[in-house]
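Participant: 3D, please:
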Amino acid sequence: MKKQITSEPFIVRISLTFIALAFLTLFLILPLIAIFVKAFDQGLDVYIASITEPDALSAIKLTLLVVSITVPLNTLFGIFAAWLIAKFNFKGKSVLTTIIDIPFSISPVIAGLIFVLLFGAQSSLGQWLIDHNMKIIFAVPGIVLATLFVTFPFVARELIPVMQMQGKSEEEASLSLGASGLKTFFYVTLPNIKWGLLYGVILCSARAIGEFGAVSVVSGHIRGLTNTMTLHIEILYNEYQFTAAFAVASLMSILAIITLIIKNVIEYRDGGSRA
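Facilitator: As a prediction, this is how the structure comes out:
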């Protein structure tokens, strides 16, 4: 006789729910509320002034510039890498997969130091870059490279399992019917991976906006030139400009909330499409 499957006792469900809600409230909701309370502590005028002063605007523009460069590049890389790993068998496949995961296992600070060793003034390339008037470290190119490094696995890692699950039958059918590889990608592959692709882009964008460690090493913290939003917040906080720091932090929190909403919408649509 089979044992009847029952749900957990009521008291257990209530206890687990309470613990989860308490944890989320203590470590997520209350800090988020505190950011906005502190940001508007001195009124709306001070808040607007804090996020519109030249250094803040420069940090916001640089952050958006870095995101606008790194996310499309990582999207292209992610699509190509996922296509290669999921659709083909070749020597070194496991090595490529491991390389894609390297940024997950290396501290962002170490990643920043790597670029300093490669392109800094004391590196083997440093003098050549100086002679050709090319500045990478303590300049925007270094920030872009560091951000590219720490964010490039996100799109690929979202697409690889999606493409592996779908297999190759639809693409092979399309090719056998005379469609070109490009048409097969746009009319067969892309529609099947669109939600996974969007999800990976959202995660990549969120990480690019909030990156601190690698960018901090290569930026030089030059106000108005190489400070992203995260670095600008750190400088304001260290200078005891708490209201201004929390004002800029609130903008990043708003971006995070928008990202979370989009992420949940994509997950909902993806679940609906699979059903």
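Participant: Quick one: neighbours of S253, just the number.
Facilitator: 16 (other C-beta atoms under 10 Å). For every residue, glycine as well, the C-beta is placed using N, CA and C.
Participant: Quick check: chain neighbours aside, which residue is closest to it?
Facilitator: Computed as C-beta to C-beta, 6 or more residues apart in numbering, the closest residue to S253 that is not its neighbour in sequence is I35, at 5.5 Å.
Participant: My guess is that neighbour contacts I254. True?
Facilitator: No: judged on C-beta atoms under 8 Å, I35 makes no contact with I254 at a distance of 9.9 Å.
Participant: the more surrounded of those two?
Facilitator: Between I35 and I254, counted using other C-beta under 10 Å, I35 has the larger neighbour count: 18 against 12.
Participant: ok, now which ones touch the more buried one?
Facilitator: When contacts are counted by C-beta atoms under 8 Å, 6 or more residues apart in numbering, I35 touches 246, 249-250, 253.
Participant: Let me see the ranges of the strands in the protein.
Facilitator: Counting by DSSP state E, one finds no strands in the chain.
Participant: ok so, going back, in the contacts of I35, which residue is surrounded by the most others?
Facilitator: F246 leads the contacts of I35 on contacts (other C-beta under 10 Å) with 23 neighbours.
Participant: wait, it sits on K38?
Facilitator: Yes: under the criterion of C-beta under 8 Å, F246 makes contact with K38 at 4.0 Å.
Participant: As a check, name the ranges of all helices in the stretch 101-250 of the chain.
Facilitator: Ranges of helices in the stretch 101-250 of the chain, per DSSP state H, counting those that start in this stretch, are 102-105, 108-119, 126-131, 140-151, 153-166, 169-176, 181-184, 190-210, 213-219, 229-238, 242-274.
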